[in-house]
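Undergrad: requesting a structural model of the entry that follows:
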Amino acid sequence: MSIDGVSGRTSYIGTTILNLRSQLNDLTTQLATGKVSTTYAGQGLDRGFALSLRAQISGINAFSDTATNLNTRLGVANLTLQGLSDVGSQVKNAATTATLTLNNSGQTSGQITAQAAFSNAVAMLNSQSGDRYLFSGRAMDTPATVSADTMLKGTATQAGLTQLINERKQADQGTSLMGRLSVSSPPATTTVTSVAEDGSPFGLKLLSVQSSLTGATVTQPAGTPKSTSVDLGAVNPKDGDKIKFNFTLPDGTTDAIELTATTTNPPPAGSFLIGTDTTATTANLQSTLTSSIKTLSDTSLVAASAVAASNNFFNPVATVAGAAVNNQNAPPAPISGTTALSGAAGTNSLSTSFAAGDTITVNGTPITFVASGATGNQLNITDSVQTLMAKIDQVSGTKNPSTISNGAITLHGADGANLSISSSNTAALGALGIANNTTATPAPLRVGGPPFDTATNLVAGTPDNTVYWYTGENGPGSARGTAVAQVDQSITVQYGARANEQAFRYMLQNVAVYAAVTTYASNPNANAQVTALAQRVSANLAPQNGQQQIQDVQAEFAGAQTATKAATDRQTQLKAMAETMLDSVEGVNQDEVATKILALQTSLQASYQTTSMLYQTTLLKYLPPG
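TA: The predicted structure follows:
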C-alpha cells in the first residue's frame, strides 16, 4: 500500500479556489463598472441586441449635433431677418416723416437715415455662422453681396447705382426736358394741340385724356409711337372747363396734368387763358401744357426714373440685342415697328419673309405664323414687327417692353430669368437681326449711351462696366433648398437663403434709391422731387400683395426650427428608452453583485481555511507514538 502526499490528491481544491477567485474578480469588476462585462463576448446571447442599441444611440447623438449646429445657424438667420425687417420699417418711417430741408449734399435727413440703414442691411445679408455665409445660397464660402459703398458708387471701371440713376434721368427727361414728349400743332392747323411720344422706352407715356372743354374734339392716345390731340374747333371753351392728360411713368406709377380754362389774366397756376378766338386759346393751351410737362418732368418723373433705374440695377434681366438690318424697300431702309413680317420685294417688309407654319420659340413656347385669323400664340404673316415684339414680350413675361431703333431689335426677358429665341425659319429670324438659338442670361440693365438724353434702348451691363451687386450662388431651384440638414432618419430641413430673393432685393433697391438720389436746393422743384421720391419709397416699403415678404422667409425658418425641435424631442425620448434597454443588457444589479461578492468571500475564506488545514496534515500525525 502506497501513501501519497496531500498535494497530489488535493490539487482540485486549489483549482476550486482559483475559480472562486476568478468569479470574485469578475464580480468586483462588475461592481466597479456597473457593466456585466467589459467585452461583448462576455455579454452572452444579448450582445447583438446591445450592438444595435448602441448604434441607435450613436445615430441619435449625431442628429443632436446636427440640430445644435442648425439651430445656431437659424438663430443667426432669424436675427438677420428681423434686422432687415426693422431696416425697412425705419426707412419707411423716415420717408414719411422726414423734413424737406436739404443738406450740403442735396439730401434730406430721411435720406441720410437711409444711407446708414442701407449699409446696415448689406452687412446683415453678409452674415456668417461659423465659416458659412447664410445668404449666399450654395456658395457658402462666398459673401452674398459687394459692399454697400461699391453698390452705390461703383468702382473705377464699373458703374454703381448712382451713375445708373443719373444716366436714366437724362434718358427719361430728354434733351428738351419734356419727358421725351413733344407738343405741337399739325401743319396748316391752328386749333389742334398734338402731344406725341418719341418712340423710345423712356420718359412719360400717354395713357388717356379727359376733357370737359366746350366744343373740343379729343383723340385718345393711339399709334406707334402714341400720340393724342385736342381740337378746340371754332368755339372757345368756357371759364372753368378742364382737360386732363394722364401719363404712365417709368416705374409704372401714373400722374396727370389737369388744366383749367380761365378768363383771369394772368392765369393762376394750373390754368390756361381763354383767348379772343380758338387759335389764340390753342396757343395758350400749348404754352401752359409745355410748361406743365416740364414741371412734371422735373418732379415726379425724376423720382420715378430713379426707382426704375434702381429696379434695373438690383433686378437683372436677360437681354437679346439684335443686329441692325434693313427691309426690302427700294432703296432698303432700317426695319422699324411698322415693317411687315412678310411681303414682296420693294415693300417695307423683312428681307426674308415668314410663312404660314413657321414658328418662333421663346423660352420653349412656340409662336406660330398663320395666313390669317391669328389667335392665342399665333401671328398673321401680314402682321408687323411691332406686333411680333409685343407677342414675344407676352410670352416671356417681361416688364421691360422690347424696342427697335435704327433697324436693331432689343428683347428683354422676365425678371431674373434666361431668355432664349429660336425659329424654324432661320433666315427670317436673321432678317430680324437675331441669330438662331440665341440665349441670354440676366444682367443689370442700363441706358444705352452716351449720349443718354437721346438714348433709344436699355442694354445689358457687363461685369466689366457695371457692378453686379449679388455675388452668391444663383442656380436653379428654390433658395431654401440650397442648404439641407437631416435631423432624423426620414426628416430633412431646408434652411438656405439667397440675398437676391424678392423680399430682400425689393427692400434693398428701395432703401438704396432713397439713399442715392441727390438734388439741388437752388432747383425750384427740389422739394417736389424729394417728396415724390419719398412717397414712392414709403409706398414700396409697405407690404405688396402677391409679393414675397421678409416675414414669409421668417415663417419658413420658423417651420424649420419647429420640425427640428419636434425631431429632437422625439429622439430624446427614444434615446432614454434605448439607454434603459441597453442598461438592462449591459448593466448589473449592484445589490445582487454585492451579495454575491459577500457569499464568494465567505466561500473563499472557508476554502482557504480548509486548504490550509489539509496542507498542514502529515503522516506523522497518524503514526502511533513510540
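
Undergrad: listing request: residues of the chain with sub-threshold pLDDT.
TA: Where the chain drops to pLDDT under 70, the residues are 1-51, 53-54, 56, 578-626.

Undergrad: and the most centrally placed residue in it, what does it touch?
TA: What sits nearest the mean C-alpha location of the chain, by Cα atoms, centre = their mean, is residue 501, with 1.6 Å. If a contact means Cβ atoms under 8 Å, 6 or more residues apart in numbering, then residue 501 has 479, 548, 553 as its contacts. For glycine as for every other residue, the C-beta is placed from the backbone atoms N, C-alpha and C.

Undergrad: top of these by neighbour count?
TA: Greatest neighbour count in those, by other Cβ atoms under 10 Å, goes to residue 479: 25 neighbours.

Undergrad: against residue 247, how distant is that one?
TA: From residue 479 across to residue 247, the span is 37 Å (Cβ to Cβ, to the nearest Å).

Undergrad: ok, residue 199 next?
TA: 16 Å.

Undergrad: for residue 192, list each beta-bridge partner.
TA: residue 231 (DSSP bridges).

Undergrad: mind listing what it touches?
TA: 185, 186, 229, 230, 231, 232, 282.

Undergrad: neighbour-wise, which of the residues you listed leads?
TA: Highest count within those by other Cβ under 10 Å belongs to residue 232, 26 neighbours.

Undergrad: so what's it up against?
TA: Residue 232 neighbours (Cβ under 8 Å, 6+ apart): 191, 192, 193, 213, 215, 216, 278, 281, 282, 285.

Undergrad: buried only: go through the residues you listed for me.
TA: 191, 192, 193, 213, 216, 278, 281, 282, 285 (16 or more other Cβ atoms under 10 Å).

Undergrad: which one among the residues you listed gets closest to residue 484?
TA: residue 193 (63.8 Å; Cβ to Cβ).

Undergrad: just checking, the closest one touches residue 287?
TA: No: using Cβ atoms under 8 Å, residue 193 is not in contact with residue 287; the gap is 10.2 Å.

Undergrad: one step back: of residue 199 and residue 247, which one has the most company?
TA: residue 247 (25 against 16).

Undergrad: how much space between that one and residue 404?
TA: Counting by Cβ to Cβ - residue 247 and residue 404 are separated by 23 Å.

Undergrad: now swap in residue 272 and tell me
TA: Residue 272 is 36 Å from residue 404, by Cβ to Cβ.

Undergrad: out of the contacts of residue 232, the closest to residue 64 would be?
TA: Looking across the contacts of residue 232 and measuring by Cβ to Cβ, the closest to residue 64 is residue 193, at 77.5 Å.

Undergrad: quick one, what contacts the closest one?
TA: 183, 184, 185, 229, 230, 231, 232, 282, 285, 286, 289.

Undergrad: what's the answer for residue 430, then?
TA: 325, 352, 436.

Undergrad: among those, who's most crowded?
TA: residue 325 (20 neighbours).

Undergrad: on that earlier part again, looking at residue 272 and residue 404, which is more packed in?
TA: The neighbour comparison of residue 272 against residue 404 (other Cβ under 10 Å) goes to residue 404, with 26 against 23.

Undergrad: give me phi/psi at the more buried one?
TA: phi -140, psi 130 (degrees, to the nearest 10).

Undergrad: can you pull the contacts of it?
TA: Going by Cβ under 8 Å, 6+ apart, the list of residues near residue 404 reads 335, 336, 337, 385, 386, 389, 410.

Undergrad: you'd agree the second one is in a strand?
TA: No: with DSSP: H, G, I helix; E, B strand; the rest coil as the criterion, residue 336 is coil rather than part of a strand.

Undergrad: tell me, how many neighbours does it end up with?
TA: Neighbour tally, residue 336, other Cβ under 10 Å: 17.

Undergrad: swap in the third one?
TA: For residue 337, the count of nearby residues is 19 (other Cβ under 10 Å).

Undergrad: check contacts around the nearest residue to residue 494 once chain neighbours are set aside.
TA: Counting by Cβ to Cβ, 6 or more residues apart in numbering, residue 480 is the residue found nearest to residue 494 once chain neighbours are left out, at 4.2 Å. Each residue near residue 480 by Cβ under 8 Å, 6+ apart is listed here: 494, 495, 496, 497, 556.

Undergrad: what subset of the residues you listed is buried?
TA: 494, 495, 496, 497, 556.

Undergrad: reformat those residues as a markdown table; add secondary structure and distance to residue 304.
TA: Formatted as a markdown table, these follow (DSSP: H, G, I helix; E, B strand; the rest coil; distance: Cβ to Cβ, whole Å):
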| residue | secondary structure | distance to residue 304 |
| --- | --- | --- |
| 494 | strand | 38 |
| 495 | coil | 38 |
| 496 | coil | 35 |
| 497 | coil | 31 |
| 556 | helix | 33 |
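
Undergrad: okay, the residues you listed in CSV with distance to residue 166 next?
TA: CSV is the format used below for these (distance: Cβ to Cβ, whole Å):
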residue, distance to residue 166
494, 41
495, 40
496, 36
497, 32
556, 38
